[in-house]
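Participant: what's the 3D shape of this:
(2 chains)
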Amino acid sequence: MRYIPHTEADVAAMLGVLGRGSIDELIAHVPEELRSRATLEVPDGLGEADVAARLTELAAKNRVGSSLLCFAGAGAYPHFIPSVVDHVILRSEFATAYTPYQPEVSQGTLQATFEFQTLVASLLGLEVANASLYDGSTATAEAVLMSKRLAPKAARVLVARSLPPQYREVVRTYLEGLAGLECEEIPFGADGRIDRAALERRLSPAPAAVVVGYPNVFGVVEDLGALAETARGAGSLLVTATAEAMALGLLRPPGALGADIAVGEGQSFGIPLSFGGPYLGLFATRERLVRGMPGRLVGETVDEHGRRGYVLTLATREQHIRRERATSNICTNQGLCALAATVFLALAGRGGLREIADRNARKARYALGRLRERLGAEAVFSAPFFNEFAVRLPDARRRHERAVERGVLAGVPLGDWFAELEDALLVCATEVHSAADVDRLAEALAA
Amino acid sequence: MKPDDAHGRSLDEPALFERGSSGRRGYTLPPLSAPERGVESLPAELCREDLPDFPELSEMEVLRHFLRLSQWNFSAATNFYPLGSCTMKYNPVLNERMARLGGFADLHPLTPPGAAQGALELMAELERLLAELSGMDAVSLQPAAGAHGELAGMKMIRAHHLDHGNPRRKVLIPRSAHGTNPASSALCGYQVVAVESNDRGMIDPAAVARLTDGETAAIMVTNPNTLGLFEKDIVRIAAAVHEKGGLVYLDGANMNALLGVAKPGHMGADVLQFNLHKTFSTPHGGGGPGAGPIAVRQRLADYLPVPRVVRAGGGYALSEEYAKSIGRVRAFYGNFGMLVRAYAYLLSLGGDGLRRATQMAILNANYVRKRLEDVLEIAYAEPCLHECVFSDSKLQPLGVKTLDLAKRLLDYGFYAPTIYFPLIVSGAIMIEPTESETRETLDEFIAAVRAIVAEAKEAPERVKSAPHTTRVSRLDEVRAARQPRLRWKP
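Facilitator: Below you'll find the model as predicted:
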């Protein structure tokens, strides 16, 4: 086997050093009743070319690119990935290293992570970001758990019904079994934003946190400043979850508008769609709350000669030291995905990121305009949106199916998640979509 | 700039934010077409004014920055990485190419199943293979990492007990266990009861029986344990817990020792997680992304996270029709890109290769142990499997700590073993060579350890002040924690 270097001579020599006659003697202490049943009903290994052929065959059974032009968002967004991103994360020095327990020979990973934390904190408008969590949904659940630690007496958390539905489900899974924290939903109003009156009615007694999407699942931009004021007035934390982090290139940052914890999904920054993962959980908060924060943190320090260097720090929050009293059970981060995002954000930079985000907003408006012209379709909600929007079409589900047959993934049917939106599609357009692509979308959805 | 700086200017690289020039770009958008011009953006009052601290760099500056950083890392591809409990085996280059095939990388997770049959087939195949390797009945690929798999597994155990009228209160966990075990149990609302290891480094079935009662939800046990020792009484331990209605969570972190040797399903495990980034060769990425699929026996299958991959017609579909499921533990279906890599690895090795991998991992660990046993103290005399653990008792008289040995190894071009874990061994030094390393590399590593022990006798200061050849010397971790600087500031 090409991955295993031992020749029979190696094995014989090593067994000789051990004073053993066979490999079997090394496992003789494993009970016979287990060993005798451990046969593997798995075919023998393949050569590289045959493995590649099999995987290529499977990949070809998926419809992507021009075979299925993607206008779906809803938590995973088609964006352009510059070549440099993949070139860097393919470097084995990054890809095959592990958690930087020995900082002297891990400065590459550590400095890049420190840069990642800086960029994420700036993007979210908060003082401190961690080294990343699994994805946007688990980051949201971790934010809810953190809010409970900060308000141990609170018995509820309010979660917007307009949060991405999968995020809501993950929060519910995480809370199940934890004594004394109920999850209640806040409805959305006719314009697609939080129903403020309904929120205010639910604020007494104070929930640990109010959790809202920014933008929300409909791509709609909430009036975050007002929500923060309302939450703070009740003595609750405001948590924002941004499933489309590209929006933050353009939108006012949640921290500046009063969010105490801001989380997000960083997939849009140089990470491929890859059927849902691996993605990148972003997590930021205020400096005074840092010791209650989950996840890894990298900090700057100096070595014995006074040179700048980086280490993992504030580890007394973490499971390998605190065990059952840790702030989370998370053991690593999404290191290589965080690196991809760092490279992407460095390439885009201060001006470029805003320009890409701005382009997304315009492309989505262009797409909505074309659907209006071609199909008479109307936006479901009136509030401003970023790069996706809910659009009403008679027979939406059947049209969506037909569009797939015609080679277009025309967004996501909202009826799957919201019974009252059975006639609506959630459509996303980004910088990757040309005007001709949008025409294809409109044609594919035409009756 | 001084050409005679100790490490050379070419090796220096400031933070991203200290480079660049206003207006520079590393990303160019295509021009808009005529019909798109004039379309509006978001209203200005919703928009931010600036992205403070964001750099302004050309494409090549960005490339050079990160390539320089890469050169400051040791990695499993460039250096022997004997990090115990982490299984730093070879990460096949082919698998990187496979995960990047357009049909996988560009596939949106909400693509209708009819247009994603290749992805679903791969997942179904991988589930079937993992079930076969572990002797379990059903698998979910959803958890994003080992600790996430533990969380999902413990949620399932809780759901099972709740279904039987009482979620129960306690989880038994050996003191030698990884810290994620108690942390995951606590996240499910359980109180942790520590199980002591006996003087042979193992768990005593009688001790487990004494600690188990009608409020014991489960035992979480790692086998082979974190000392690299096979829990030979595992079947009796499982029986003692089952007898009181408890369940057995088997931490599959050390599956690399078990392929073709023993199956968790036969040991009495009800749930286990796989760490695809360990046993199944997906790269560790400097700390993720990993993947932590979970496998269960039939009686827990209804509790697996949704959605699940199911057969439908002649193909595959995703189903959420499981009323007892614990729900989702993350968005979508798992770290699919890592699943592709692990599947490619399983096809490459096959049953014969997997058996061989485990055998050679065990041989390598025993070889290192044997050849170091006169200079380092073996923590427990029992025969080891895929990793070996030494204590610091032969270093202490020399005035040298485990940490010093670890740091000095870096000067020899080796990453350090896992140190000070498991907690039950004084100054633990935990070495897991994996099957990927040649005998020659092991010999070099062994010679380095022996040289360092000799040096500790003759010139201990040299060891205690190591490393000497790395980009930075020992870093001030106390300062980092007391005056946290967690982001760049001008």
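Participant: which stretches in the stretch 1-150 of chain B count as helices?
Facilitator: B:59-70, B:93-99, B:102-105, B:117-134, B:146-163 (DSSP state H, counting those that start in this stretch).
Participant: determine the set of other helices and strands touching the first one.
Facilitator: Using 3 or more Cβ pairs under 8 Å, 6 or more residues apart in numbering or on different chains; DSSP states H and E as the contact criterion, the secondary-structure elements in contact with helix B:59-70 are helix A:83-89, helix A:107-124, helix A:335-375. Placement of C-beta: from N, CA and C, glycine included.
Participant: ok, the fourth one next?
Facilitator: Contact analysis of helix B:117-134 by 3+ Cβ pairs under 8 Å, 6+ apart lists helix A:48-60, helix B:102-105, strand B:138-140, strand B:294-296, strand B:308-312, strand B:315-319, helix B:336-372 as its packing neighbours.
Participant: figure out which of those is closest to residue A:257.
Facilitator: Proximity to residue A:257 (Cβ to Cβ) singles out helix B:336-372 among the helices and strands packed on helix B:117-134, at 34.0 Å.
Participant: okay, the helices of the stretch 1-150 of chain B in JSON lines with mean neighbour count next?
Facilitator: Formatted as JSON lines, the helices of the stretch 1-150 of chain B follow (neighbours: other Cβ atoms under 10 Å in any protein chain shown):
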{"stretch": "helix B:59-70", "mean neighbour count": "20"}
{"stretch": "helix B:93-99", "mean neighbour count": "20"}
{"stretch": "helix B:102-105", "mean neighbour count": "21"}
{"stretch": "helix B:117-134", "mean neighbour count": "22"}
{"stretch": "helix B:146-163", "mean neighbour count": "26"}
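Participant: give me whichever of the helices and strands packed on helix B:117-134 is most buried.
Facilitator: Highest mean neighbour count of the helices and strands packed on helix B:117-134: strand B:294-296, a mean of 29 (counted as mean count of other Cβ atoms under 10 Å in any protein chain shown).
Participant: how close does residue B:93 sit to chain A?
Facilitator: From residue B:93 across to chain A, the span is 8 Å (Cβ to the nearest Cβ, to the nearest Å).
Participant: circling back: export the helices and strands packed on helix B:117-134 as a markdown table, with columns for distance to residue B:426 and mean pLDDT.
Facilitator: Below are the helices and strands packed on helix B:117-134 laid out as a markdown table (distance: least, Cβ to Cβ, whole Å; pLDDT from 0 to 100):
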| stretch | distance to residue B:426 | mean pLDDT |
| --- | --- | --- |
| helix A:48-60 | 45 | 98 |
| helix B:102-105 | 47 | 98 |
| strand B:138-140 | 39 | 98 |
| strand B:294-296 | 34 | 98 |
| strand B:308-312 | 46 | 97 |
| strand B:315-319 | 50 | 98 |
| helix B:336-372 | 17 | 98 |
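Participant: please convert those to JSON lines, extending it with distance to residue A:174.
Facilitator: Formatted as JSON lines, the helices and strands packed on helix B:117-134 follow (distance: least, Cβ to Cβ, whole Å):
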{"stretch": "helix A:48-60", "distance to residue A:174": "33"}
{"stretch": "helix B:102-105", "distance to residue A:174": "29"}
{"stretch": "strand B:138-140", "distance to residue A:174": "16"}
{"stretch": "strand B:294-296", "distance to residue A:174": "16"}
{"stretch": "strand B:308-312", "distance to residue A:174": "19"}
{"stretch": "strand B:315-319", "distance to residue A:174": "22"}
{"stretch": "helix B:336-372", "distance to residue A:174": "22"}
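Participant: out of these, nearest to residue A:94?
Facilitator: Per Cβ to Cβ, nearest to residue A:94 of these: helix B:336-372, 15.6 Å.
Participant: list the helices and strands that closest one packs on?
Facilitator: Helices and strands touching helix B:336-372, as assessed by 3+ Cβ pairs under 8 Å, 6+ apart, comprise helix A:8-18, helix A:48-60, helix B:93-99, helix B:102-105, helix B:117-134, strand B:388-391, strand B:429-431, helix B:439-458.
Participant: tell me the pLDDT of the residue of the stretch 251-400 of chain A found nearest chain B.
Facilitator: Residue nearest to chain B within the stretch 251-400 of chain A: residue A:276 (2.7 Å; Cβ to the nearest Cβ). pLDDT for residue A:276: 98.
Participant: surely it is in contact with residue B:334?
Facilitator: Yes - checked against Cβ atoms under 8 Å, the pair residue A:276 and residue B:334 is within contact range at 7.1 Å.
Participant: and the residue lying closest to residue B:426 once chain neighbours are set aside, how many neighbours?
Facilitator: In space, and not counting its chain neighbours, residue B:426 is closest to residue B:391: 5.0 Å by Cβ to Cβ, 6 or more residues apart in numbering or on different chains. Residue B:391 has 19 neighbours, counted by other Cβ atoms under 10 Å in any protein chain shown.
Participant: okay, and the beta partners of residue B:391?
Facilitator: Listed by DSSP bridges, the beta-bridge partners for residue B:391 are residue B:377.
Participant: for it, list the residues it contacts.
Facilitator: Applying Cβ atoms under 8 Å, 6 or more residues apart in numbering or on different chains, we find residue B:391 in contact with B:376, B:377, B:378, B:379, B:425, B:426, B:427, B:428, B:429.
Participant: ok so, going back, skipping adjacent residues, who's closest to the residue of the stretch 251-400 of chain A closest to chain B in space?
Facilitator: Nearest to residue A:276 is residue B:332, by Cβ to Cβ, 6+ apart, at 2.7 Å.
Participant: residue contacts, the one you found?
Facilitator: Contacts of residue B:332 by Cβ under 8 Å, 6+ apart are A:75, A:76, A:166, A:275, A:276, A:277, B:109.
Participant: max pairwise distance over the residues you listed: which two?
Facilitator: A:166 and A:275 (14.1 Å).
Participant: thinking again about what came up before, out of the helices and strands packed on helix B:336-372, nearest to residue A:159?
Facilitator: It's helix B:117-134; of the helices and strands packed on helix B:336-372, that one is closest to residue A:159 (Cβ to Cβ) at 29.2 Å.
Participant: can you dump the C-alpha coordinates of the closest one into CSV?
Facilitator: These are the backbone C-alpha positions of helix B:117-134, laid out as CSV (Å, rounded to 0.1, in the frame of the first residue of the first chain):
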residue,chain,number,x,y,z
GLN,B,117,-27.4,11.9,-6.5
GLY,B,118,-23.6,11.6,-6.5
ALA,B,119,-23.2,13.4,-3.2
LEU,B,120,-25.9,11.4,-1.6
GLU,B,121,-24.6,8.1,-2.9
LEU,B,122,-21.1,9.0,-1.5
MET,B,123,-22.7,9.7,1.9
ALA,B,124,-24.7,6.5,1.9
GLU,B,125,-21.5,4.5,0.9
LEU,B,126,-19.5,6.2,3.6
GLU,B,127,-22.1,5.5,6.2
ARG,B,128,-22.2,1.8,5.2
LEU,B,129,-18.4,1.5,5.4
LEU,B,130,-18.2,3.2,8.8
ALA,B,131,-20.9,0.9,10.1
GLU,B,132,-19.0,-2.1,8.9
LEU,B,133,-15.7,-1.0,10.3
SER,B,134,-17.2,-0.3,13.7
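Participant: outline the domain layout of chain B.
Facilitator: The record's domain parsing of chain B by automatic domain parsing lists B:94-347, B:352-477.
Participant: deepest of those domains, which one?
Facilitator: domain B:94-347 (a mean of 23).
Participant: for that domain, measure first residue to last.
Facilitator: Start-to-end span of domain B:94-347 (Cα to Cα, to the nearest Å) is 12 Å.
Participant: chain center to that domain, what's the gap?
Facilitator: 13 Å (Cα atoms, centre = their mean, to the nearest Å).
Participant: next one: stretch A:256-271
Facilitator: 9 Å.
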